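*Asks:* Need coordinates for the following:
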Amino acid sequence: MNQPTLKPESGFFRARITLAYDGTDFFGWGKQSDRRTIQGELENALFTLFQQRLETVVAGRTDAGVHASNQVCHVDLPENDFTDIAYRLNRILSDEIRIKSVDRAPDDFHARFGALRRHYIYKIKDGNGFIEPTARLDIAPWYRDLDLDSMNEAAATLIGENDFFSYARYRENSTTIRDLQCFYFERDENGLIIAHISADAFLYNMVRSLIGTMVYIGEGRFPANWAREILEKRERPSDSLVFPAKGLTFSGVDYPADSELSARILKTMAVREVEEE
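*Replies:* The predicted structure is shown next:
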C-alpha cells in the first residue's frame, strides 16, 4: 500500500475542505480522464486558481450519482495565498458543487486515513407516495408500504464488526470486514423514510445493498432474520438489492483530536487497504 503523505512539502500548508454536491450528473468522486467527476471538477478549479496541479484526498469516495452534504477532503496549498479560497472556488465551480469551508489543518491531517467513521443517509418515499419535483434527485421512490419496525429489527442484527462480503462488490486483495456502528430507519414529519448508517468505512455498493435488503424485509417479502442469513452465507444476492444511487447522501465524517491524528493514520493503514464506497 502507498504510504500517505503525512506532511506538506516546504512552502505548502494542508487545507481541509468541506463541500457539498449533487452527484446526479457525475461519475462519482474519483477523477477519470473521459468522464465528469467531483474530484476532476474540484482539481480543475484549484488549477485555475493556483495555476498548478494540486491533488485532493477525500474521506469517502462516493459512487456515480451519490450526493454529499458534508464531504471532507484535504489538499496541500501554496503558503502565499490563503484569502477567500472557498468564495473564489465557488465562483469557478458549477452550482452542483459548493465549497462550504476551507480551513488550515494540522500538517498530519489526512482526510481518508485519519477518519474514525463515515455517515450516510438514504431517503425513501414508500407507498408510491408523491415526491415534489424539486426533491426528486435525492429521494428513491418505492411502490409498496414499508414496515419500519421489521426493518429496524433486521438492521440491528448487523451492528458491530462483521464480514460484509455479501453486501458489497468484492475487490481483490482487500478486506471486507467493517465495523457497522449505527443503522436505523425513521419517518420524518412528512412521512419520508430516512435511513441513518455509520461505519468506520464502507465497501463498494455496501450501503445501497443494505438498504435494498431492508426494503425487501420491510415490504414483508422476507423475515427480519434474512439480513443476518445473507451476511453469514457470504453469497452475494441479486443485484436487484442494490438500490438507486440518488437516494444516498454522504452526510459527514468524524475525526479524532488533533493530537491523535498520526496514531489514527498508522492504525488505519495497518488494518486494511484503502478502499471504500
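
*Asks:* what about Asp147, how many neighbours?
*Replies:* Each residue near Asp147 was counted by other Cβ atoms under 10 Å, and the total is 16. Bear in mind the C-beta positions are built from the backbone N, C-alpha and C, glycine included.

*Asks:* hang on, isn't it packed against Gly218?
*Replies:* Yes - Asp147 is in contact with Gly218 according to Cβ atoms under 8 Å; the separation is 5.2 Å.

*Asks:* Wait, a helix at Thr18?
*Replies:* No - the assignment for Thr18, made by DSSP: H, G, I helix; E, B strand; the rest coil, is strand rather than a helix.

*Asks:* send the alpha carbons of stretch 94-114 over as CSV?
*Replies:* Extracted in CSV, the C-alpha atoms of stretch 94-114 (Å, rounded to 0.1, in the frame of the first residue of the first chain):
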residue,chain,number,x,y,z
SER,A,94,-20.7,24.8,-11.2
ASP,A,95,-23.6,25.2,-8.9
GLU,A,96,-23.7,21.4,-8.4
ILE,A,97,-20.6,21.6,-6.2
ARG,A,98,-20.4,24.1,-3.3
ILE,A,99,-17.4,24.6,-1.1
LYS,A,100,-18.7,25.1,2.5
SER,A,101,-15.3,25.9,4.1
VAL,A,102,-11.6,25.8,3.6
ASP,A,103,-9.6,25.7,6.8
ARG,A,104,-5.9,25.3,7.7
ALA,A,105,-5.5,21.8,9.1
PRO,A,106,-2.7,20.3,11.1
ASP,A,107,0.2,19.1,9.0
ASP,A,108,-0.6,15.4,9.7
PHE,A,109,-4.4,15.7,9.0
HIS,A,110,-5.4,13.1,6.4
ALA,A,111,-9.0,13.2,5.2
ARG,A,112,-9.1,9.5,4.4
PHE,A,113,-6.7,7.6,6.7
GLY,A,114,-7.5,9.8,9.7
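
*Asks:* for it, which positions count as buried?
*Replies:* Buried residues in stretch 94-114, counted by 16 or more other Cβ atoms under 10 Å: 96-99, 102, 105, 108-114.

*Asks:* got the residue ranges for the helices in the stretch 101-250 of the chain?
*Replies:* Secondary structure of the stretch 101-250 of the chain (DSSP state H, counting those that start in this stretch): helices at 148-156, 206-218, 226-233.

*Asks:* which one of those is the most hemmed in?
*Replies:* helix 206-218 (a mean of 25; mean count of other Cβ atoms under 10 Å).

*Asks:* And that one, what does it pack against?
*Replies:* Judged by 3 or more Cβ pairs under 8 Å, 6 or more residues apart in numbering; DSSP states H and E, helix 206-218 is in contact with strand 117-125, helix 148-156, strand 177-187, strand 193-199, helix 226-233, strand 248-254.

*Asks:* What ranges does the stretch 1-150 of the chain have for its strands?
*Replies:* Using DSSP state E, counting those that start in this stretch, the strands found in the stretch 1-150 of the chain span residues 12-21, 57-58, 67-78, 97-104, 117-125, 140-141.

*Asks:* what's in contact with the last one?
*Replies:* Under the criterion Cβ atoms under 8 Å, 6 or more residues apart in numbering, residues Tyr122, Lys123, Ile124, Lys125, Asn128, Gly129, Ile131, Phe243, Pro244, Lys246, Gly247 lie in contact with strand 140-141.
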